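S.K.: Compute the structure for the input listed below.
(one chain, ligands or ions: 1)
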Amino acid sequence: MLLNEEQTLIRDTARAFAQEQVLPHVRAWEAAGEIPRSLLAEMGRLGFMGMTVPAEWGGAGADMVSYVLALEEIAAADGGLSTVMSVNNSPDCAALLAYGSPEQKEKWLKPLARGETLGAFCLTEPHAGSDASNLKTRAEKRGNGWVLNGVKQFITSGRTADMALVFAVTDPSSSKRGISCFIVPTDAPGYRVASVEKKLGQKSSDTCQIAFEDCTVGADAMLGEEGEGYRVALANLSVGRIGIAAQSVGMARAAFEAARSYAQEREAFGTRIVNHQAVLFRLADMATKITVARQMVLHAATLRDAGRPCLTEAAMAKLYASEMAEEVCSAAIQIHGGYGYVSDYLVEKIWRDVRVCQIYEGTSDVQRILIGRGLAAL
Ligand SMILES: CC(C)(COP(=O)(O)OP(=O)(O)OC[C@H]1O[C@@H](n2cnc3c(N)ncnc32)[C@H](O)[C@@H]1OP(=O)(O)O)[C@@H](O)C(=O)NCCC(=O)NCCSC(=O)CCS(=O)O
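M.R.: Model prediction:
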């Protein structure tokens, strides 16, 4: 796909930012389990935290193609940071843009899209991941507002976010149509970070279990209509999944580039290892698969920009790109030999970081369900 001038500029800006201001620090942030808030603020100033949000609501007003290009660049520097960016953009900003009232957009979307505040997305529960409508978190009407009780699991930015979109059952007798979405400030009494998970990868971003204990919000906290929450979640997750696919491409590309550089320097059997056909063919396969995945991402994003349905294409992009990325990152370790397995080189980190792309925002098998439904509807 050929990029236009604006898309190229956004990609190049994101690449320079990621390589200069992110990459040199990733080991330190991984060790600290934290990304400096000043960096997120800078990303906000560059327009990366609300990329497809129109300027009137604090965003960059860019298209989806530009968004996935920028996300690939950030992911090529740090997987954890790309996930924070991804959740903030979509589902969070996207859901507020699509379902928020003008007052909600003014109060919550503008600062989120500008990178002045950070968002979390609380759908998953300890017993309800793929089976996302099987929620136990309850929201009960009390006085003029709502009281939330329940536990949410695997919440990106749960400790650092300023606000969260929280999905809770408002009518237990109505199944999927009894779920509503609430905008909850994380300093509301009753929002408690129950634990910060110890993870395989993406350690720079926090992933938390959040307990809602008589967490009280006003009537104006509901996003969308009562009972519309499950739709709000699924509609925005499907778009968010194009972003996860872009992150997968970015991490795979970074591992590929590291392996190519290493192969051009390292010598074995009297020559640089890139001259061994086994290594060169491995690099050729890696580059081909990354290119295929990127085209799938760009295709899904282009459909989205054109206002065309892209549910199946988004699911296909996430499925292929995330599984490809693990394979490519493993091949990059193989090219590095023993050095690929130790922390002197980044490929071991990238391999750890990319694994979750096959799990979060819908596992590979959830993507297969969605693709299968798309095929059945043909
Ligand atoms: C496995 C599932 C795909 C199963 O979905 P369902 O069969 O339960 O859902 P449906 O009955 O098909 O849809 C319900 C409702 O929503 C509407 N809908 C669905 N998709 C869309 C869409 N793309 N756009 C608009 N509307 C949509 C649909 O029409 C129905 O509406 P009506 O009732 O007819 O009015 C699903 O459960 C699934 O995707 N599971 C995976 C969940 C997942 O990805 N979880 C990760 C969440 S991330 C998180 O919580 C924390 C991590 S974070 O990233 O920080």
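
S.K.: could you dump the helix or strand hosting residue 121 to PDB, C-alpha only?
M.R.: Remark: residue 121 resides in strand 119-122, with elements defined by DSSP states H and E. Coordinates of each C-alpha in strand 119-122 appear next as PDB, following Å, rounded to 0.1, in the frame of the first residue of the first chain:
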ATOM      1  CA  GLY A 119      -7.400   5.600  30.500                       C
ATOM      2  CA  ALA A 120      -8.100   2.000  31.400                       C
ATOM      3  CA  PHE A 121     -10.700  -0.500  30.100                       C
ATOM      4  CA  CYS A 122     -12.300  -2.800  32.700                       C
END
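
S.K.: can you give me the helices for the stretch 101-250 of the chain?
M.R.: Remark: helices of the stretch 101-250 of the chain, listed N- to C-terminal, are 102-104, 110-113, 229-265; assignment by DSSP state H, counting those that start in this stretch.

S.K.: Distance check, residue 193 against residue 213.
M.R.: The span separating residue 193 from residue 213 equals 12 Å under the rule C-beta to C-beta, to the nearest Å. C-beta: built from backbone N, CA, C; applies to glycine.

S.K.: Contact residues of the protein facing the ligand?
M.R.: Applying C-beta under 6 Å from any ligand atom, we find that the chain lies next to the ligand at 87, 121, 123-124, 130, 132-133, 154-156, 176-177, 230-231, 234-235, 237-238, 311, 360-362, 366, 369-370.

S.K.: Can you tell me which of those are classed as buried?
M.R.: If you count burial by 16 or more other C-beta atoms under 10 Å, the buried members of the residues of the chain next to the ligand come out as 87, 121, 123-124, 132-133, 154-156, 177, 230-231, 234-235, 237-238, 311, 360-362, 366, 370.

S.K.: Could you check the pLDDT of the residue of the chain most remote from its centre?
M.R.: Relative to the centre of the chain, the most outlying C-alpha is that of residue 270, 43.9 Å out, by C-alpha atoms, centre = their mean. pLDDT, residue 270: 98.

S.K.: which stretches of this structure form strands?
M.R.: Applying DSSP state E to the chain gives strands spanning 119-122, 138-142, 145-156, 163-169, 179-185, 191-196, 207-218, 222-223, 267-268, 271-272.

S.K.: For my notes, please list those strands in a markdown table and give distance to residue 23 for each entry.
M.R.: Rendered in a markdown table, the data for the strands of the chain read as follows (distance: least, C-beta to C-beta, whole Å):
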| stretch | distance to residue 23 |
| --- | --- |
| strand 119-122 | 25 |
| strand 138-142 | 42 |
| strand 145-156 | 21 |
| strand 163-169 | 29 |
| strand 179-185 | 33 |
| strand 191-196 | 25 |
| strand 207-218 | 22 |
| strand 222-223 | 36 |
| strand 267-268 | 26 |
| strand 271-272 | 25 |
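
S.K.: if you compare those, which one is most tucked away?
M.R.: Using mean count of other C-beta atoms under 10 Å, the stretch among the strands of the chain with the greatest mean number of neighbours is strand 119-122 (a mean of 28).

S.K.: For that strand, the averaged confidence score.
M.R.: Throughout strand 119-122, pLDDT has a mean value of 98.

S.K.: I'd like to know which elements it is packed against.
M.R.: With contacts taken as 3 or more C-beta pairs under 8 Å, 6 or more residues apart in numbering; DSSP states H and E, strand 119-122 sits against helix 79-87, strand 145-156, strand 163-169.

S.K.: Looking at those, which is nearest to residue 329?
M.R.: Proximity to residue 329 (C-beta to C-beta) singles out helix 79-87 among those, at 10.2 Å.

S.K.: returning to what we had before: each with direction, which strands does the strand holding residue 121 pair with?
M.R.: For strand 119-122, the paired strands and their directions (DSSP bridges) read strand 163-169 (parallel).

S.K.: Could you check the angle the partner strand makes with strand 207-218?
M.R.: Between strand 163-169 and strand 207-218, the angle formed by their directions is 80 degrees, by axes from the mean of the first three to the mean of the last three C-alpha atoms, to 10 degrees.
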